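Undergrad: I need the structure of the sequence given here:
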Amino acid sequence: ADRSGNCPAGFIADQGLDNPAVHDFYLQSCCPGLFETSWPSHYITLRDDIYKHNTDNLQELAFTLCHAYARATRSILIP
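TA: Numbering: from 1, shown residues only. Sure thing, here's the model as predicted:
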């Protein structure tokens, strides 16, 4: 955690908090903004034809897409 108690950008919680019926994870994609508070986004895998339940690659893709927004100079919350 940083000085404000937030998790660093790129932090992923995928064990212990997720739903056992679906493949899901929480991703802290950006650093805290003006209000010094950041919150993770909840991702749910609806269909997985490409990664075949290799969640590490899917999580990396989600985090990478948060940095691909052309109008932002920092990572965004949800791609």
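
Undergrad: Please identify the helix or strand for the nearest residue to N6 once chain neighbours are set aside.
TA: The spatial neighbour of N6 that comes closest, neighbours along the chain excluded (CB to CB, 6 or more residues apart in numbering), is S38 at 4.7 Å. C-beta coordinates here come from the backbone N, C-alpha and C atoms, glycine included. Assigned by DSSP states H and E, S38 falls within no helix or strand.

Undergrad: Ok, Y26 next?
TA: strand 23-28.

Undergrad: Just checking: what are the partner strands of that strand?
TA: strand 11-13 (antiparallel), strand 41-45 (antiparallel) (DSSP bridges).

Undergrad: tell me the mean pLDDT for that strand?
TA: Taken as a whole, strand 23-28 carries a mean pLDDT of 87.

Undergrad: Same question for stretch 53-64.
TA: The pLDDT scores in stretch 53-64 average 85.

Undergrad: and that stretch, which residues are buried?
TA: For stretch 53-64, burial by neighbour count (16 or more other CB atoms under 10 Å) applies to 55, 58-59, 62-63.

Undergrad: picking that back up, contacts for the strand holding Y26 next, please.
TA: 6-14, 17-18, 38-45, 48, 53, 55, 59, 62-63, 66 (CB atoms under 8 Å, 6 or more residues apart in numbering).

Undergrad: Could you dump the buried residues of stretch 53-64 into TSV with distance to R71 added?
TA: Shown next, in TSV, are the buried residues of stretch 53-64 (distance: CB to CB, whole Å):
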residue	distance to R71
T55	29
L58	25
Q59	24
A62	19
F63	19
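
Undergrad: Now, the residues you listed that are in helices?
TA: 55, 58-59, 62-63 (DSSP state H).

Undergrad: Show the buried residues in the contacts of strand 23-28.
TA: Among the contacts of strand 23-28, those classed as buried by 16+ other CB under 10 Å are 6-7, 9, 12, 14, 18, 38, 40-41, 43, 55, 59, 62-63, 66.

Undergrad: Centroid-nearest residue for the chain?
TA: L27 (2.1 Å; CA atoms, centre = their mean).
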